[in-house]
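**Student:** After the sequence you'll find the predicted model.
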Amino acid sequence: MANKTPRTVYACQQCGAQSRKWLGKCPDCGAWNSYVEERERPVGTPQSSISRSGLRLRENRPVPFSNIETQSDLREVTGIEEFDRVLGGGIVPGSLVLIGGAPGIGKSTLLMAVADKLSNLYGKVLYVSGEESERQIKLRGERLGVNPDNLFLLSETNLERIFDEINRLEPQAVIVDSIQTVFSEKIESAAGSVSQVREAAGQFLLLAKNLTIPVFLIGHITKEGMIAGPKALEHIVDTVLYFEGERYHNHRILRAAKNRFGAANELGIFEMTGQGLIGVPNPSELFLSERPLGVAGSAVIAAMEGTRPMLVELQALVSSSKFGNGRRTTQGVEINRVALLVAMLEKRVGLLMSGDDIFVNLVGGMILDEPATDLGIVAAVVSSFRNIPIHHQTIVFGEVGLAGEIRATAQAGIRLREAARMGFKRAVIPQNNLPGIEADDRLEVIGVRSVVEALEALF
């Protein structure tokens, strides 16, 4: 008689690769010391109407493409504008959304507010927590001022029991805090392991698609800032959101890294207050509220995050170094990009800064990686180097090439309209963006072709 005892395998906790023996380095993803001993999943008998977790599945049949009803306009709007913006206009029924962020950043606070809105608008919402008791969740809700009648709390980590309660309650939305704490009795491994996380996410995907209800999963992140668990977790879900923010700033940024139902580069900005998270409809005013005027090394750039224009202050400090080998320190912009632009200024403009310390900071804790910030970095660095301030009513944006040329950027008209709305009088932009720009009497637009022309226009 064949031995049906499950065998031991070693699984990489980063990518999910398996091996019969322990390996110090994963051959697939290159992670060190990531293999953990697990039990191989036994092969069970197929079930047509019930999933492994006890979910009642509907019987699927092939459907002609023309007979399927469109769902493009059937979004559930929560009323939290910044949250709806990041999701692409609202929640798509049957979607699986994964939200990650650093500990204490406000993930549970945000989803408590979302649960409150959904329960008041659409019916029963089940909030499952594996890290807090019902009383602790109630305490947070009272602090936020929410008291919905259709919100149900469940402190449980067993996947099968969670699905039993879902079958009994039949909610209109499910929130799981967090996916790393949920475990299935069908798998012999610890909660949070690759097998458990993949199994739990797969079962919640079946739940969302078969019952056509939105499911929100909160995920832990690693010290590198990535969602913990296998990369397959992000492939399973429909939308991946990252909740970011500096520890000593009041505002939080909700960023979409993946979205099957909308733009994957949208941004939502919230302010953390004593009453919870409040959406910020005008981020430009927030980031420019404490900007110093008439100070060298400060430049305002017009950036785009998804469909939203934002004006952000970029500061630079150039100081002589006593060691002859200058440092490059940045926050909010890529350090290699700053080093490249400084080398271009030395070669094309003749500004010798190789022996100077250069510090570049994007004010407000923002992180921007779009090429349109290049001209702002150049303007701020040169302003600090020459100790000449840029006029406080001037904005800049444009991509800078290695030859010193200024290249056109996308959505220049939207950036200029935001600058005019915020009271700016002058804009230095790429020359090739001028033909598609509508004239605005409130804003003087100067087109430049090279860094030399840009510096002449600014100084």
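**Tutor:** Noted; the coordinates are in hand.
**Student:** Sheet partners, orientation included, of the helix or strand of the chain with the lowest mean pLDDT?
**Tutor:** Ranked by mean pLDDT, DSSP states H and E, the weakest helix or strand in the chain is strand 35-39, scoring a mean of 81. Taking DSSP bridges as the criterion, strand 35-39 forms sheet pairs with strand 8-12 (antiparallel).
**Student:** ok, T273 to T109 distance?
**Tutor:** 10 Å (CB to CB, to the nearest Å). No exception for glycine: its C-beta is placed from N, CA and C like everyone else's.
**Student:** Sorry, slip of the keys, the one I care about is R407.
**Tutor:** Taken as CB to CB, the span from R407 to T109 is 42 Å.
**Student:** Would you mind telling me which of the two has more residues around it?
**Tutor:** Neighbours around R407 and T109, counted as other CB atoms under 10 Å, are more numerous at T109. The numbers are 20 against 17.
**Student:** separation between A296 and V378?
**Tutor:** 14 Å.
**Student:** And those two? Which one has more around it.
**Tutor:** Comparing A296 with V378 by other CB under 10 Å, the one with more neighbours is V378, at 28 against 18.
**Student:** before we move on, what SS does the more buried one have?
**Tutor:** Recorded secondary structure, V378: helix (DSSP: H, G, I helix; E, B strand; the rest coil).
**Student:** doesn't L458 make contact with it?
**Tutor:** No - applying CB atoms under 8 Å, one finds V378 not in contact with L458, separated by 9.3 Å.
**Student:** Contacts for the least confident helix or strand of the chain, please.
**Tutor:** 6-13, 19, 22-24, 26, 187-189, 193-195 (CB atoms under 8 Å, 6 or more residues apart in numbering).
**Student:** what comes up buried for the following helix or strand past that strand?
**Tutor:** Per DSSP states H and E, the first helix or strand lying C-terminal to strand 35-39 is helix 81-87. Residues of helix 81-87 classed as buried by neighbour count (16 or more other CB atoms under 10 Å): 82-87.
**Student:** same question, stretch 107-126
**Tutor:** Buried residues in stretch 107-126, counted by 16+ other CB under 10 Å: 107-120, 122, 124-126.
**Student:** Can you give the domain ranges for this protein?
**Tutor:** Domain assignment of the chain by automatic domain parsing yields the ranges 8-39, 78-281, 286-458.
**Student:** just how off-centre is the first one within its chain?
**Tutor:** Read it as domain 8-39. Taking CA atoms, centre = their mean, to the nearest Å, one finds the center of domain 8-39 at 28 Å from the center of the full chain.
**Student:** do the same with the last one
**Tutor:** Its chain's average C-alpha position is 24 Å from that of domain 286-458, according to CA atoms, centre = their mean.
**Student:** okay, how far is it across that domain, tip to tip?
**Tutor:** End-to-end distance for domain 286-458, by CA to CA, to the nearest Å: 25 Å.
**Student:** Would you mind giving the orientation angle of the longest helix belonging to the chain with respect to strand 35-39?
**Tutor:** Secondary structure of the chain per DSSP state H: the longest helix is helix 194-211. With axes from the mean of the first three to the mean of the last three CA atoms, to 10 degrees as the basis, helix 194-211 and strand 35-39 are set at 60 degrees to each other.
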